[in-house]
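*Asks:* Following is a predicted model, sequence given first.
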Amino acid sequence: MTNTQPLPPAPDLVLRIGFAGNRDLPSDVGPLNRSLDRVLGVLAKRLAEIRAEVHTVGKAPTITRFYSNKQPTLRLITGLAEGSDMLAARALGRLSNPGARAEHAGVLPFDLEQYRDSRKAEFRASFDELAGQCAYVLALDGRYVAGDAGKLYRARAYRAQSTVLLRQADILLASADPEGACKAGGTLETIRAALAFDLPVVFIHAGSGKVQLLEPGTDLASALAGAADAPGWEEGLRSWINDIVADPDTGSGSDVAQERGSEAKAPLHGERLLEEFFKAENLPPSEISPGGKSGRKASWREKLWMQVASWFRPKDASVPAPDPPISAYDDYRRRARSLNYHYSGLYRGTFVLNYVLAATAVALAALSLVLLGRTRTDAAESVEAVLRSHPLLITVAAEPITNGAVAPGATNRGTTLGGAAGSLPAASSHVSVLFLSLLFLGAMKFAVVVFIFRNTHQANHGDWNDKAVDYRYLAERLRSLFYLPRVGSFQPPAAAPPQYASRVVRQSAVDWLFEAIVRSVPPSVLLSRNEAVSVGDGTSYTIPVIHVDAAWVLADVRDRWLGGQIAYHSRNARTMEGLSRFAERWGKRLNVAVIAAVAIDVTILLCSLFHLFPEGVSQRLHTTAPALMFLAALLPAAVASLNGIRFQSECGRLADRSAIVRVILGGRERVPQPSGRLKEALCLSKRIESARQNPASDPGAWSIEVLRLSEAIARDLVQEVAEWSVLYSKEVVEP
């Protein structure tokens, strides 16, 4: 019995704006307020337009139809500080576009109570107002120590706040005086970090209200030297919004791809993939397990590949540790992973089956040739036997027959001929059986060839391999969401595009889907608790606060993420290496067997030609010729099939890649001393443990170091899977 699995929800249309601004403001904040209103107005208006354009045929990027029907959200993330942060939050409150919903959130360098107490007394009421409006507040683990003694602690905490703020933003909105001092974690430092992080920056001069759009790679000093609004900043900002949330293919095509005509195919492939991801309830097929739960049903092609892989999988290989799921992301990853397994199984099972059937077709053809030769030989021997037993047949055959009558004087001979003709079927009945066998083998060979053609056609026209690559890439990126958000990173690293690979599955639609999911799922899903904040007059209010526990996250990163991936790549390297060695070893053995069969056949022919053996021995040796001919035809086909499986599976190169990734993550398998990312994680764990044993000297803000290590791991893994997609991007070859 089959049952459909629940599909993940469509992501909401969300645009995240990080804000950084000076605390000290000029006496006249009117220009700054007006510019804030203008910028936020452009952002909200463009979001509303994108949502409205979904229903306008031929106008909107077609990919936006995969957003949910909910109202778009413009989320502003600030540091809840005095000065520019307060003005930006109030400008958000003044936003009056009915097509977009405004949302405010905060990122704090310290614990909430500690941060509030560190603010000036006259600002605390405004802080309470801003904090009370937040959908969530992310509180980092920095230490606040007043005075000069705490300068380094505060600098570390504010830099951590700046870093995490950028990890939650798609665009940075910044307000500052370019002539002001550059402080640790301050606005100018945050702007430089944003441009280095490939985020566009909308800069507002705190005094004049001048607005500029700074693209990644911009020279900041020269860009801020102007005195007036940069021309075209509104259109440039609208274009950035479109690129971020609506059209992932804008400007991403390569000349090589355009010359090969793949640009027209790529968007269609992406749309089909998204259509399937959100709407194909019966893909992959599901079934009810004995426990009553619905699970994915493996196709028979996948089972074939799993059986082949199980022959080479090491029995002592450790099982990868499970990832700690976050429910908001788990539905998406489960869907991507099941579709990846489904299409990977279809693709791999297809080429394994094709090469096995190709060798089978050659075997049937060779057997047909052997039987055909045997049929002709037996037929000749049968006729010869009849003629020898009826000599008159030779005479009759030599005499002319006129008008169907036998020549005069041949009556007795005709009677003899009739008797001989009656004995022919009995003498050659086994010849008819051989002919029927030939027809049966021919029909089987035809059926095999037709099935190979149909199997290959289904695989290539169904994009089985392309989808397997895309869904594996998506599943790997989604895996990072079980770790990075818990340390404040909601902008996971993307893979660098391959520069010299024209035959590569384009993953822009997959990247769009992943980033849409990241933006759509609010960080409040990680909510630690609602904290009550006392305002000092006996009253209090509650704020949804997310606390970052760096040591706890690091333990999961080390044991589950790194441990699981090390175990997976160790097992995969050994499995693929076993398959590669098997194919290579047996290919060599079969090549030797082919040479031996041909050598024996030639030797028998030479011995028969020169009468080197007695006639009885030669007759017996001659009967082995069909078998040798059969082997000489079949064995090269088997060698070609083994080489084809090696080529199509890329088992040798995949084994090398997994072995290298294993070294990068945790060191060599048989070397007990860890290295790579695992060594970094162990060293960082010891540093955190040692620091917390001495609270007075603990620098705090360990979350920023855990974040950087986690992002480095995510970057290694996503780059590996992106490069794997180049290596494994190939259609099924027709054998």
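*Replies:* Thanks, I have it.
*Asks:* Distance check, the residue positioned nearest the centre of the chain against Asp511.
*Replies:* By Cα atoms, centre = their mean, the chain has its centre lying nearest to Tyr473, at 1.6 Å. As judged by Cβ to Cβ, to the nearest Å, Tyr473 and Asp511 stand 8 Å apart. (Glycine included, C-beta is placed from N, CA and C.)
*Asks:* For the host helix or strand of Ser239, name the packing helices and strands.
*Replies:* Assigned by DSSP states H and E, Ser239 falls within helix 233-245. Other elements packing on helix 233-245 under the criterion 3 or more Cβ pairs under 8 Å, 6 or more residues apart in numbering; DSSP states H and E are strand 14-21, helix 30-53, strand 171-176, strand 211-214, helix 508-520.
*Asks:* redo that, cut-off 10 Å
*Replies:* Contact analysis of helix 233-245 by 3 or more Cβ pairs under 10 Å, 6 or more residues apart in numbering; DSSP states H and E lists strand 14-21, helix 30-53, strand 171-176, strand 201-205, strand 211-214, helix 508-520 as its packing neighbours.
*Asks:* pLDDT of it, averaged?
*Replies:* Mean pLDDT, helix 233-245: 91.
*Asks:* Now do it against strand 14-21, angle only.
*Replies:* When axes from the mean of the first three to the mean of the last three Cα atoms, to 10 degrees is applied, the directions of helix 233-245 and strand 14-21 differ by 130 degrees.
*Asks:* what's the strand or helix carrying Ile543 in contact with?
*Replies:* Ile543 belongs to strand 540-547 when assigned by DSSP H and E. If you take Cβ atoms under 10 Å, 6 or more residues apart in numbering as the criterion, strand 540-547 is touched by 105-108, 111-113, 128-129, 131-141, 485-486, 488, 522-535, 703.
*Asks:* And whatever helix or strand comes next after that strand, what's buried?
*Replies:* Going down the chain from strand 540-547, the next helix or strand is helix 550-556, by DSSP H and E. Of all the residues in helix 550-556, those buried under the rule 16 or more other Cβ atoms under 10 Å are Ala550, Val553, Leu554, Asp556.
*Asks:* Just the CA trace of helix 550-556, in CSV.
*Replies:* C-alpha atoms of helix 550-556 as CSV (Å, rounded to 0.1, in the frame of the first residue of the first chain):
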residue,chain,number,x,y,z
ALA,A,550,29.0,28.3,22.2
ALA,A,551,30.3,25.3,24.1
TRP,A,552,27.1,23.3,23.5
VAL,A,553,26.9,24.1,19.8
LEU,A,554,30.6,23.4,19.4
ALA,A,555,30.1,19.9,20.9
ASP,A,556,27.5,19.1,18.3
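*Asks:* ok now the helix or strand following it, how far from the chain's centre?
*Replies:* Per DSSP H and E, the first helix or strand lying C-terminal to helix 550-556 is helix 563-609. Chain-centre distance of helix 563-609: 32 Å, with Cα atoms, centre = their mean, to the nearest Å.
*Asks:* Output the next helix or strand after helix 563-609 as PDB - backbone C-alpha positions only.
*Replies:* Remark: after helix 563-609, the chain's next helix or strand is helix 615-622, criterion DSSP H and E. The C-alpha trace of helix 615-622 is given here as PDB (Å, rounded to 0.1, in the frame of the first residue of the first chain):
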ATOM      1  CA  GLU A 615      42.000 -37.500 -36.500                       C
ATOM      2  CA  GLY A 616      40.000 -38.500 -33.400                       C
ATOM      3  CA  VAL A 617      41.800 -36.000 -31.200                       C
ATOM      4  CA  SER A 618      41.400 -33.300 -33.900                       C
ATOM      5  CA  GLN A 619      37.700 -34.000 -34.000                       C
ATOM      6  CA  ARG A 620      37.300 -33.600 -30.300                       C
ATOM      7  CA  LEU A 621      39.400 -30.400 -30.200                       C
ATOM      8  CA  HIS A 622      37.400 -29.000 -33.100                       C
END
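*Asks:* quick one: the following helix or strand past helix 615-622 to chain centroid distance?
*Replies:* Following helix 615-622 in sequence order, the next helix or strand is helix 625-649 (DSSP H and E). Centre-to-centre, helix 625-649 and its host chain are 34 Å apart (Cα atoms, centre = their mean).
*Asks:* Could you check helix 625-649 and say which residues are buried?
*Replies:* Those would be 625-626, 628-642, 644-646, 648-649, for helix 625-649 by 16+ other Cβ under 10 Å.
*Asks:* Who are the packing partners of that helix?
*Replies:* Judged by 3+ Cβ pairs under 10 Å, 6+ apart, helix 625-649 is in contact with helix 300-312, helix 327-389, helix 563-609, helix 651-666.
*Asks:* mind checking which helix or strand the nearest residue to Ala509 once chain neighbours are set aside is in?
*Replies:* Excluding the flanking residues, the one nearest Ala509 by Cβ to Cβ, 6 or more residues apart in numbering is Gly270, at 2.8 Å. In the assignment (DSSP H and E), Gly270 maps to helix 262-279.
*Asks:* Name the next helix or strand following that helix along the chain.
*Replies:* Using DSSP H and E, the helix or strand that follows helix 262-279 in sequence is strand 286-288.
*Asks:* Residues that sit against both of Tyr473 and Asp511, list them.
*Replies:* Residues touching both Tyr473 and Asp511 comprise Ala495, with contact defined as Cβ under 10 Å, 6+ apart.
*Asks:* Please tell me I have it right and Leu434 contacts Leu371.
*Replies:* Yes. Applying Cβ atoms under 10 Å, one finds Leu434 in contact with Leu371, separated by 5.6 Å.
*Asks:* Tell me which residues of stretch 23-37 come out buried.
*Replies:* Arg23, Leu25, Val29, Pro31, Leu32, Asn33, Ser35, Leu36, Asp37.
*Asks:* try stretch 700-710
*Replies:* For stretch 700-710, the neighbour count (16+ other Cβ under 10 Å) marks Gly700, Ala701, Trp702, Ser703, Ile704, Glu705, Val706, Leu707, Leu709, Ser710 as buried.
*Asks:* Quick one: distance of it to the chain centre.
*Replies:* Using Cα atoms, centre = their mean, the offset of stretch 700-710 from its chain centre is 27 Å.
*Asks:* Indicate which one of the helices and strands packed on helix 233-245 is closest to Thr456.
*Replies:* Across the helices and strands packed on helix 233-245, the minimum distance to Thr456, taken as Cβ to Cβ, is reached by helix 508-520, at 25.2 Å.
*Asks:* which other helices and strands contact the closest one?
*Replies:* strand 14-21, strand 73-78, helix 233-245, helix 262-279, helix 327-389, helix 464-479.
*Asks:* 8 Å instead, please
*Replies:* strand 14-21, helix 233-245, helix 262-279, helix 464-479.
*Asks:* could the ones you listed go into JSON lines alongside distance to Arg668?
*Replies:* Compiled in JSON lines, these are given as follows (distance: least, Cβ to Cβ, whole Å):
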{"stretch": "strand 14-21", "distance to Arg668": "41"}
{"stretch": "helix 233-245", "distance to Arg668": "41"}
{"stretch": "helix 262-279", "distance to Arg668": "38"}
{"stretch": "helix 464-479", "distance to Arg668": "23"}
